[in-house]
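> give the three-dimensional model of this entry:
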Amino acid sequence: MALGIIGGSGIYEIDGLRNRSWRSVETPWGSPSDELLHGELDGSPVIFLPRHGRGHRIPPNELNFRANIAALKLAGATSILSLSAVGSLRDELHPGDLVVVDQFIDRTRQRVGTYFGTGCVAHVSMAEPVCRRLGDLAHQCLGELGARVHRGGTYVVMEGPQFSTRAESHWYRSMGASVIGMTNQPEAKLAREAELCYATVAMVTDYDCWHADHDAVTVEQVVAVLQRNAETAKAFVAAAARSGAVVESCPAGCTNALDHAVMTAPDARDPELVQRLSGPRGVAGRVL
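Presented below is the predicted three-dimensional model:
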């Protein structure tokens, strides 16, 4: 069992990461964004996936989310911590702050958000879309590092790659959302279908474009804040790996998410789809 990390390339240069090796993984849903970096921190196995590929090659609207989550599970990850750059929709969430998200509003339009389909239908619960246990651990680790961290918040996921219009930004605020980004859905949905613990640490880089006292967001602004947060992110990953992030059975129910989710009768299931889901490289073999 290993801790999976999805995020930018800067966090991989962690002091003490031993037995480093980049390994390619193929899944029934294609190739992930990049090879996976395997390593150990104080004997605890970790697996890193560059969400956009090394060098930031892939835009958020073209990510192969199904392959990314499947690759991490196939490689041995049982828990996933997702680090994600976001814009703030609240005065109290300042650039440089970190938010351990507990809810999502999915505003994406073009992405495939499930491993299941015609011939094998499943409905997993997303009422609590992230792992409470893993979120609590992330909040604790960040607090011990002295980071300015907020526990709880709603993340609006937009399609991208363009930033919001001002009208959209105000609309998202009216929904009660806390932050906005482009990557964490369908990532969280797929992690749930794959029965993996999943939590998001959202790294605030800007005020989107709603704030009257701040200019509209720019790439330069985002990158500058991410660079300042890089050391905190690396220290957080190391602390999480050493703090029991990986468990065999999750008390929040993540590792049993499919127990009562599959609706299609066994004799009505599409054999080809079942093979993709339950074969040696599938994500739902435990229940099919």
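
> low-confidence ranges, the protein, go.
For the chain, the stretches flagged by pLDDT under 70 are 9-10, 216-217.

> for it, what spans make up the helices?
Counting by DSSP state H, the chain has helices at residues 65-75, 132-144, 166-174, 187-193, 219-241, 271-278.

> and the shortest one, how far out from the chain middle?
The reference is to helix 187-193. On the basis of C-alpha atoms, centre = their mean, to the nearest Å, helix 187-193 sits 9 Å off its chain's mean C-alpha point.

> residue 194: neighbour count?
Residues within reach of residue 194, counting by other C-beta atoms under 10 Å, total 25. The way it works is simple: take the backbone N, C-alpha and C, and place the C-beta from them, glycine included.

> ugh, typo on my part, it should be residue 27
For residue 27, the count of nearby residues is 21 (other C-beta under 10 Å).

> what sits against it?
By C-beta atoms under 8 Å, 6 or more residues apart in numbering, residue 27 lies in contact with 66, 67, 70, 71, 74, 281.

> and what of residue 36?
Residue 36 is in contact with 22, 23, 24, 25, 47, 48, 49, 71, 72, 75, counting by C-beta under 8 Å, 6+ apart.

> residue 86: which of those residues is nearest?
Checking the contacts of residue 36 against residue 86 by C-beta to C-beta gives residue 49 as the nearest, at 18.7 Å.

> picking that back up, switch the helices of the chain over to JSON lines; also include mean neighbour count.
Shown next, in JSON lines, are the helices of the chain (neighbours: other C-beta atoms under 10 Å):
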{"stretch": "helix 65-75", "mean neighbour count": "24"}
{"stretch": "helix 132-144", "mean neighbour count": "20"}
{"stretch": "helix 166-174", "mean neighbour count": "15"}
{"stretch": "helix 187-193", "mean neighbour count": "26"}
{"stretch": "helix 219-241", "mean neighbour count": "18"}
{"stretch": "helix 271-278", "mean neighbour count": "17"}
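
> these: which one's closest to residue 212?
Distance to residue 212, taken as C-beta to C-beta, is lowest for helix 166-174 among these, at 10.2 Å.

> and which of the contacts of residue 27 is nearest to residue 258?
Within the contacts of residue 27, proximity to residue 258 (C-beta to C-beta) peaks at residue 70, which comes in at 14.4 Å.

> let me know whether the closest one touches residue 29 as I believe.
Yes. Judged on C-beta atoms under 8 Å, residue 70 makes contact with residue 29 at a distance of 5.7 Å.

> centre-most residue in this structure?
Nearest residue to the geometric centre of the chain (C-alpha atoms, centre = their mean): residue 82, 3.6 Å.

> so who does that residue touch?
By C-beta under 8 Å, 6+ apart, the residues touching residue 82 are 6, 7, 183, 184, 187, 188, 198, 199, 200, 201.

> just to revisit the earlier point, quick one: common contacting residues for residue 70 and residue 29?
If you check residue 70 and residue 29 against C-beta under 8 Å, 6+ apart, the residues they both contact are residue 115.

> just the endpoints, please. Distance across stretch 110-124?
21 Å (C-alpha to C-alpha, to the nearest Å).

> tell me the contacts of the residue lying closest to residue 58 once chain neighbours are set aside?
Closest residue in space to residue 58, ignoring its immediate chain neighbours: residue 52 at 4.9 Å, by C-beta to C-beta, 6 or more residues apart in numbering. Contact partners of residue 52, counting by C-beta under 8 Å, 6+ apart, are 8, 33, 58, 59, 60, 63.

> tell me, how many residues neighbour the closest residue to the fifth one other than its chain neighbours?
Distances taken as C-beta to C-beta, 6+ apart place residue 182 nearest to residue 60, at 3.8 Å, with adjacent residues excluded. Residues lying near residue 182 (other C-beta under 10 Å) number 23.
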